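Visitor: Okay, here's the prediction I keep looking at, along with the sequence it came from:
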Amino acid sequence: MTDIFSIAADLLTLIGTTLSITLELRQARIEDRPDEEGADQQK
């Protein structure tokens with residue numbers, strides 16, 4: 001049973017890390033192009 005919890009914890013950590021990196025990269029892209037605000041909304 002402990003193995004299941006360990007795997008679940010590892011998966012949650014992986015998901016959280018991936019989400020954090022994705023959000024940081026998105027924010028960095030927005031800061032790199034301040035003259036093109038709203039470009040993501042036009043898609």
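Guide: Structure received. Only a predicted model underlies this, so the values are computations on that prediction, with no experimental measurement involved.
Visitor: What is the neighbour count of residue 30?
Guide: Burial of residue 30 is recorded as 13 neighbouring residues (other CB atoms under 10 Å). Backbone N, C-alpha and C define where each C-beta goes, glycine included.
Visitor: and it, what helix or strand is that in?
Guide: helix 2-32 (DSSP states H and E).
Visitor: Report the distance from that helix to the chain centre.
Guide: 6 Å (CA atoms, centre = their mean, to the nearest Å).
Visitor: counting contacts, what elements does it pack onto?
Guide: In terms of contacts (3 or more CB pairs under 8 Å, 6 or more residues apart in numbering; DSSP states H and E), helix 2-32 is not packed against any helix or strand.
Visitor: tell me the mean pLDDT for that helix?
Guide: Average pLDDT, helix 2-32: 96.
Visitor: what's the neighbour count on residue 18?
Guide: Considering only other CB under 10 Å, residue 18 is surrounded by 10 other residues.
Visitor: What separation do you get for it and residue 29?
Guide: 17 Å (CB to CB, to the nearest Å).
Visitor: thinking again about what came up before, buried residues in the helix holding residue 30?
Guide: When burial is assessed from 16 or more other CB atoms under 10 Å, helix 2-32 yields no buried residues.
Visitor: per-residue confidence at residue 42?
Guide: So residue 42 comes in at 55 (pLDDT).
Visitor: ditto for residue 38
Guide: Reported pLDDT for residue 38: 58.
Visitor: Okay, residue 9 and residue 16: tell me how far apart.
Guide: On the measure of CB to CB, residue 9 and residue 16 end up 11 Å apart.
Visitor: now do residue 26
Guide: 16 Å.
Visitor: cool, and residue 7?
Guide: 15 Å.
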